[in-house]
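**Q** Need coordinates for the following:
(2 chains)
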Amino acid sequence: MAAPALSQRAEVAAGSGRRARRRPPRRRDHLVGWLLVTPALVYFLVFLLYPALSALYYSFTDWNLRSDAGWVGLANYADLLFDDVKYPHFWRSVQVTLQYTLLAVPMTLVTALVQALLLNAIRRGANLFRLLLFLPVVTAEAAVGAIWRWLYDPQYGLINSVLGLVGIPGQNWLNTPELVIPALAFIAAWQCGISMIIYLAGLKGIPGTIQEAAIIDGAGPWQRFWRVTFPMLRPTTFYLLVTGVIAALQVFGLVYVIFSGNGRSVTGGPEQSGLTYVLHLYLFAFRYDAMGAACAMSFILLVFIVIVTALQFRFVKQEAS
Amino acid sequence: MSRGLLTGALAVVLMAGTGACGGGGAGSGGGKELTFWMYQDRTPQAGQVIEKVRKDFEQANPGVTVKLVKIPKDDYNTKLGSAVASKSAPDAGILDQPLVSKYALDGTIKEVPAGLIDEADYYKGALDTNRANGKLYGLPQDQTTVALFYNKKLVPTPPKTWDELKAAAERVHAADANVAGMNVPKGDGYGAWMFPGVVHGAGGQMVDDAAKKVLFDQPPAVEALQLWVDLLKSSPRKITDSDKPFENGLAAMTISGPWDVPTIHEQFPDLDFGVAPLPYKSEPAGNIGGEDSVVFSTSKNPDLAWKWLAFLANATNNGAIADAFGGFPVHLKAQVVAGGPEQAAFLEQLKVAHARPAVPQWIQVNDEIIAPAIESALTGKATAQQALTDAAAKTRTLLGWNG
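**A** Sure, this is the predicted structure:
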């Protein structure tokens, strides 16, 4: 008896809503609407659109923040790409960033998925473990940098001590060019909390009936993961892949903190092995007084990110199956 | 409507922005106001010293108020750059030494008026950090330098020459393979900043900025770099790349400045160490750091601003001011605030300290060209000569000094 009454009421409510919408809009409504969107609009115009357009303009100028900007056309772009005296480490920074992205994104996804599966499997203490696994994300970047400098310390570092227990000789992690990118990617994988939460939500969204059906069909845990869980998570994986790549291409804070200990060396680690694209950009903007060139760098990055993202949408499978 | 709201919000945002920057500009009322930007006080005592000098100046100049704006050092250059860009620079302020020639050449700061000071009263090295194109664009306020820190247990008498330095490092490492002789500087921005002091120690220089000649591919610089390469044999990176190797007793010697002395005493009270001037090859030498101050072109009271800067740097005030800023006096007659037994070495070093080249792009040359060259020699990827020849050629192209 109760159910039809409820649905009737809902119909009435929906009907009155329709009637209300048919009324001609009043000026007051417009005013309220504008008031509601104004903060977001102002924020967008003042802090995003205006700086972005200015940056585009300045990328065609020779500008040092102080004197008037002089129009140089495409010179900044041409010099960045081809003049290895003016920008000796531009391509190096591109290479470093690509290496980092190719390593950090898969590592992050795998760690996040494994953590999410474990959290999804346990019954007791899930909240506590979720909190612990999420902590690295909300910890201040400077603190994270300092802690990892200790962990990677060649003499006292915990990582070398652990490796020593299983007979692997200690490494000079942050000072050996070949090891810098893996070391940084490892930190990124440790900070995978956000991806982990999103994976967890994805896992909760898989209907239990499908898993049950698979069990009845005699699928083992391994098969269930590869044939059911992983394919069902595909939209989640795709989302994390796209956003992860965009974030990795812009990695800055962590590298800056790790390699500028005591405010000394910001030149990007041994032999520029940690000179990521945005760190390179930052140095030209704020240390070498070349804001125009830095703006050009940011637009090259923007175009690159758009292309990479478009390619992912074109070639990576996104639908659950 | 929407436009009105937008403009209103924009105005609020802009006002908040300038307010946060502590903007400059002329004062109100009858008296004149002078805005001076400086780094945040290192200690509460330092704040009191500056406050006293400020009051003395206001007393000596009735009707004048000096407004001190203190900004954390890490944010200072960025904030100042933004202020200059938005035409809200203060009347005067501290300016990072390598920025002086940049700001001078693009007209952001004023030239020191003739007769403001007697140049003979000041340390030459400190004064030279204010020059661009041979002209003076600022006044030094304090100066500092780096010297050799040595662990007295491992190195009883500090080495004076390069040969003694190498011998001492070898002895230490031979006695204990887990201890490095010296924490050899790296091929990074900081190492490249210290490098010229060593080059001067062999009688050379990095560049001749007046003649527009790059000189760091000449024998003195090559020998200086070779010294660092040689030292690495008795000072493995695996040991010195650890956190605070000198403080933890893992490296017998290191190069650092007076700012490290109180920190070491506080955090490593058991470390028995001394400070000596940098070892040299043919003549004692070192490099210089510290604070300079300048007057901005947009100042409404430039004469008054210069008077204030000269007041900070005069014989009476400079001793206390320099100590408050964390360095040593720049005025030859100023009283040095007494410090620990380490002080003598730094003062000795300052007498022979050289300013870095007055080239506007010097930070870029330092970081992007010289640092990698040092690193490639230290890692054995190139000889010292090859690395510096290559770097010098790049520098000539970048600066357009091919004559």
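
**Q** In this structure B:Gly63 contacts B:Lys32, no?
**A** Yes. B:Gly63 is in contact with B:Lys32 according to Cβ atoms under 8 Å; the separation is 6.4 Å. Using the backbone N, CA and C atoms, a C-beta is placed for each residue, glycine as well.

**Q** With neighbour numbers in mind, choose between those two.
**A** B:Lys32 (16 against 10; other Cβ atoms under 10 Å in any protein chain shown).

**Q** For the more buried one, give the beta-bridge partners.
**A** On the basis of DSSP bridges, B:Lys32 is bridged to B:Val64.

**Q** Which element, helix or strand, includes B:Thr298?
**A** Take DSSP states H and E as the rule and B:Thr298 turns out to sit in neither a helix nor a strand.

**Q** does it really touch B:Ala85, like I thought?
**A** No. Between B:Thr298 and B:Ala85 there is no contact under Cβ under 8 Å: 11.5 Å.

**Q** Can you give me the neighbour number for B:Ile264?
**A** When counting by other Cβ under 10 Å, one arrives at 17 neighbours for B:Ile264.

**Q** Quick check: closest non-adjacent residue to B:Gly197.
**A** Beyond its immediate neighbours in the sequence, the residue positioned closest to B:Gly197 (Cβ to Cβ, 6 or more residues apart in numbering or on different chains) is B:Asn287, lying 3.7 Å away.

**Q** List the contacts of residue 73.
**A** Because you didn't say which chain, this covers chain A. By Cβ atoms under 8 Å, 6 or more residues apart in numbering or on different chains, the contact list for A:Gly73 reads A:Phe60.

**Q** wait, I meant chain B there
**A** Applying Cβ under 8 Å, 6+ apart, one finds that B:Lys73 lies in contact with B:39-40.

**Q** For the stretch 51-200 of chain A, just list every one of the strands.
**A** Assigned by DSSP state E, counting those that start in this stretch, the strands in the stretch 51-200 of chain A fall at A:61-62, A:70-71.

**Q** most packed of those?
**A** With neighbours defined by mean count of other Cβ atoms under 10 Å in any protein chain shown, none of those is more surrounded on average than strand A:61-62, at a mean of 18.

**Q** So for it, mean pLDDT?
**A** The average pLDDT for strand A:61-62 rounds to 94.

**Q** Distance from the chain centre to it, please.
**A** Taking Cα atoms, centre = their mean, to the nearest Å, the mean C-alpha location of strand A:61-62 is offset from the chain mean by 31 Å.

**Q** residues from the stretch 201-350 of chain B in reach of chain A?
**A** By Cβ under 8 Å from any Cβ of the partner chain, the residues of the stretch 201-350 of chain B that approach chain A are B:237-239, B:241-243, B:245, B:248, B:250.

**Q** Recalculate using a threshold of 10 Å.
**A** B:236-245, B:248, B:250, B:260 (Cβ under 10 Å from any Cβ of the partner chain).

**Q** Most neighbours among these, please name it.
**A** Neighbour counts for these, by other Cβ under 10 Å, peak at B:Thr240, which reaches 24 neighbours.

**Q** List the residues that contact that residue.
**A** A:154-155, A:172, A:175, B:180-186, B:232, B:246, B:250-251, B:254 (Cβ atoms under 10 Å, 6 or more residues apart in numbering or on different chains).

**Q** Enumerate the residues of the stretch 151-300 of chain A near chain B.
**A** Taking Cβ under 10 Å from any Cβ as the contact definition, the stretch 151-300 of chain A meets chain B at A:152-157, A:170-177, A:259-272, A:280, A:283-291.

**Q** at 8 Å instead, please
**A** Where the stretch 151-300 of chain A comes near chain B, counting by Cβ under 8 Å from any Cβ, the residues are A:153-156, A:172, A:174-175, A:263-267, A:270-272, A:283, A:286-290.

**Q** so who does the residue in the stretch 101-250 of chain A that chain B sits nearest to touch?
**A** Of all residues in the stretch 101-250 of chain A, A:Gln155 sits closest to chain B, with a separation of 3.6 Å (Cβ to the nearest Cβ). A:Gln155 makes contacts with B:238-239, B:242-243, B:245, B:248, B:250, as judged by Cβ under 8 Å, 6+ apart.

**Q** low-confidence ranges in the stretch 301-403 of chain B?
**A** Residues of the stretch 301-403 of chain B meeting the criterion pLDDT under 70: B:403.

**Q** where do the strands sit along it?
**A** Listed in chain order, the strands found in the stretch 301-403 of chain B under DSSP E, counting those that start in this stretch are B:353-354.

**Q** Which parts of it are helices?
**A** Here the stretch 301-403 of chain B has its helices, by DSSP state H, counting those that start in this stretch, at B:302-312, B:318-325, B:343-351, B:362-364, B:371-378, B:384-399.

**Q** Select, out of the ones you listed, the one closest to A:Asp84.
**A** Using Cβ to Cβ as the measure, helix B:384-399 is the one of those that comes nearest A:Asp84, at 8.7 Å.

**Q** buried residues in that closest one?
**A** Judged by neighbour count using 16 or more other Cβ atoms under 10 Å in any protein chain shown, the buried positions of helix B:384-399 are B:384-385, B:387-392, B:394-399.

**Q** Let me know the closest of the contacts of A:Gln155 to chain A.
**A** Proximity to chain A was ranked across the contacts of A:Gln155 by Cβ to the nearest Cβ; first place goes to B:Ser242, at 3.6 Å.

**Q** mind checking the SS state of the closest one?
**A** Secondary structure assignment for B:Ser242 (DSSP: H, G, I helix; E, B strand; the rest coil): coil.

**Q** give me every residue that touches it.
**A** Contact criterion Cβ under 8 Å, 6+ apart gives A:153-156, B:248, B:250 as the residues in contact with B:Ser242.

**Q** rerun at 10 Å
**A** When contacts are counted by Cβ under 10 Å, 6+ apart, B:Ser242 is found next to A:153-157, A:172, A:175, B:180, B:183, B:248, B:250-251.

**Q** about what we covered before: PyMOL command to pick out the buried ones of the residues of the stretch 151-300 of chain A next to chain B?
**A** Here the buried members of those are turned into a PyMOL selection, burial being counted by 16+ other Cβ under 10 Å:
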select buried, chain A and resi 153+154+155+172+174+175+265+266+267+270+271+272+283+286+287+288+289+290
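
**Q** any idea where the strands of chain B begin and end?
**A** B:32-39, B:64-71, B:92-96, B:131-132, B:135-136, B:139-145, B:147-151, B:180-182, B:207-208, B:213-214, B:251-256, B:273-276, B:286-295, B:353-354 (DSSP state E).

**Q** highest average neighbour count across these?
**A** Neighbour counts (mean count of other Cβ under 10 Å) averaged over each of those peak at strand B:180-182, with a mean of 29.

**Q** average pLDDT for that one?
**A** The predicted confidence, averaged over strand B:180-182, sits at 96.

**Q** is it true that A:Gln115 touches A:Leu200?
**A** Yes. Counting by Cβ atoms under 10 Å, A:Leu200 is a contact partner of A:Gln115 at 8.3 Å.

**Q** intersection of neighbour lists for those two?
**A** Here A:Gln115 and A:Leu200 share the contacting residues A:130, A:133, scored by Cβ under 10 Å, 6+ apart.

**Q** Mind pulling up the pLDDT for the closest residue to A:Thr97 other than its chain neighbours?
**A** Of all residues beyond its chain neighbours, the one nearest A:Thr97 is A:Tyr277 (4.2 Å), with distances taken as Cβ to Cβ, 6+ apart. Reported pLDDT at A:Tyr277 in the predicted model: 96.
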